[in-house]
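Visitor: Coordinates for the following, if possible.
(2 chains)
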Number of protein chains: 2
Amino acid sequence: MNFNLKEAFEILERTPQTLESFLTGLSDNWLECNEGEETWNPAQVVDHLIECEKSNWLPRIRTIVEKTENKVFPPFDRHSHITRPSNTSITQKVDEFKRLRGQNIEKVKELIQSDAQFDLTGEHPAFGEVKLRELLSTWVVHDLTHISQIVRVMSERYREDVGPWEEYLGVLKS
Amino acid sequence: MNFNLKEAFEILERTPQTLESFLTGLSDNWLECNEGEETWNPAQVVDHLIECEKSNWLPRIRTIVEKTENKVFPPFDRHSHITRPSNTSITQKVDEFKRLRGQNIEKVKELIQSDAQFDLTGEHPAFGEVKLRELLSTWVVHDLTHISQIVRVMSERYREDVGPWEEYLGVLKS
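Guide: Down below sits the predicted model:
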């Protein structure tokens, strides 16, 4: 096992600024490209990250840390950015994500006072009992998964354009 | 086909600042993790990107644009960061990458004056004749491939820590 809270925060703190550097100012052709019907474009991925800051990570962490019974996680809609799309610019999206992430990190720093809390559990709708350590690790890898998704979606645009190099470019195989 | 030079530069210009936001200040546990023997860690990936700025993209573009005969690409060692490792910090690496990328973009802007040049060709050691359009598109997707690689390598560190969520995290499947 490799998780430790300090290193986890290093990633969580950097994701908004990474997406800011990577996405703001890009043409709509990059921000609105996807991998076909019912797939997400880079801007929608940021909407999803915002929704997770609002309705997933902190409510779940609170459930684990603050509750002693009925520790079922509150509901989370992973398709809310499709069913309730926002019309904000990419700059506004990234700014909102950055603001919410900053607030959530501060709250988690207040909530977690001891390593012993990492073994506290909550009730996941599909997996059953999960540990705080697993939830926090997942928060980190969830950021990385969605950075990876954005990069993959954008690469797809140039699949034909790279000609024979397609063979050498790993991201076109993932 | 989706390539256009303005949009390609949008990505090429952003990669150094994206890596700066993502990597500088991280613990060595993140910067030096890899996927096992003979795989690259995030810092080595930046070394490789630096070497490509020095010995791959611009020399190849020059060969295509400036030469009229003997258009074989100059040799490139994609393992030079392994055989000749550098001892620079991640901040120094990212700064060097940023400086070289900025210079190269300026030079390419001088070299390419007309869309007609995109059909000019050079001789790739494995593929044979390749077009400037394909090389420039590859430069973009090569950046994206290596961002994707860094994210995948870092995710791997937490594969066990995420517990049952492994099933939901796409980056752990790529």
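Visitor: need the longest helix for chain A.
Guide: When chain A is parsed with DSSP state H, its longest helix is helix A:132-156.
Visitor: Give me the mean pLDDT for that helix.
Guide: The pLDDT scores in helix A:132-156 average 98.
Visitor: Give me the contact status of it with chain B.
Guide: Yes. Helix A:132-156 comes into contact with chain B (Cβ under 8 Å from any Cβ of the partner chain), by way of A:133-134, A:137-138, A:140-142, A:144-145, A:147-149, A:151-152, A:154-155. In this view, the C-beta of every residue, glycine as well, is placed from N, C-alpha and C.
Visitor: just checking, what packs against that helix?
Guide: Here helix A:132-156 touches helix A:5-23, helix A:42-55, helix A:57-66, strand A:121-124, helix B:132-156, going by 3 or more Cβ pairs under 8 Å, 6 or more residues apart in numbering or on different chains; DSSP states H and E.
Visitor: Next, format the ones you listed as a markdown table and append mean neighbour count.
Guide: Formatted as a markdown table, these follow (neighbours: other Cβ atoms under 10 Å in any protein chain shown):
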| stretch | mean neighbour count |
| --- | --- |
| helix A:5-23 | 20 |
| helix A:42-55 | 21 |
| helix A:57-66 | 18 |
| strand A:121-124 | 18 |
| helix B:132-156 | 24 |
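Visitor: which intervals of chain A have sub-threshold pLDDT?
Guide: By pLDDT under 70, chain A has no low-scoring segment.
Visitor: center of it - which residue?
Guide: Central residue of chain A (Cα atoms, centre = their mean): residue A:143, 3.8 Å from the mean position.
Visitor: Excluding chain neighbours, what is closest to that one?
Guide: Excluding its sequence neighbours, the residue lying closest to residue A:143 (Cβ to Cβ, 6 or more residues apart in numbering or on different chains) is residue A:15, at 4.4 Å.
Visitor: circling back: let me have the helices and strands packed on helix A:132-156 in TSV, adding distance to residue B:84 as columns.
Guide: Formatted as TSV, these follow (distance: least, Cβ to Cβ, whole Å):
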stretch	distance to residue B:84
helix A:5-23	29
helix A:42-55	36
helix A:57-66	43
strand A:121-124	48
helix B:132-156	19
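Visitor: Out of those, flag the one nearest residue B:95.
Guide: helix A:5-23 (14.6 Å; Cβ to Cβ).
Visitor: Using CSV, list the CA coordinates for the closest one.
Guide: Taking Å, rounded to 0.1, in the frame of the first residue of the first chain, the C-alpha atoms of helix A:5-23 are listed here in CSV:
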residue,chain,number,x,y,z
LEU,A,5,-2.5,11.9,3.1
LYS,A,6,0.3,14.4,2.4
GLU,A,7,1.1,12.9,-1.0
ALA,A,8,-2.6,12.5,-1.8
PHE,A,9,-3.2,16.2,-1.2
GLU,A,10,-0.2,17.0,-3.5
ILE,A,11,-2.2,15.5,-6.4
LEU,A,12,-5.6,16.8,-5.3
GLU,A,13,-4.2,20.4,-4.9
ARG,A,14,-2.6,20.3,-8.4
THR,A,15,-5.5,19.0,-10.6
PRO,A,16,-7.4,22.3,-10.9
GLN,A,17,-4.2,24.2,-11.9
THR,A,18,-3.2,21.4,-14.3
LEU,A,19,-6.5,21.6,-16.1
GLU,A,20,-6.3,25.4,-16.1
SER,A,21,-2.9,25.2,-17.8
PHE,A,22,-4.0,22.5,-20.2
LEU,A,23,-7.5,23.6,-21.2
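Visitor: Measure how far it is from the centre of its chain, please.
Guide: 10 Å (Cα atoms, centre = their mean, to the nearest Å).
Visitor: got it, and stretch A:126-140?
Guide: Centre to centre, stretch against its chain (Cα atoms, centre = their mean), the figure for stretch A:126-140 is 14 Å.
Visitor: cool, and stretch A:49-63?
Guide: In terms of Cα atoms, centre = their mean, the centre of stretch A:49-63 is set 10 Å apart from its chain centre.
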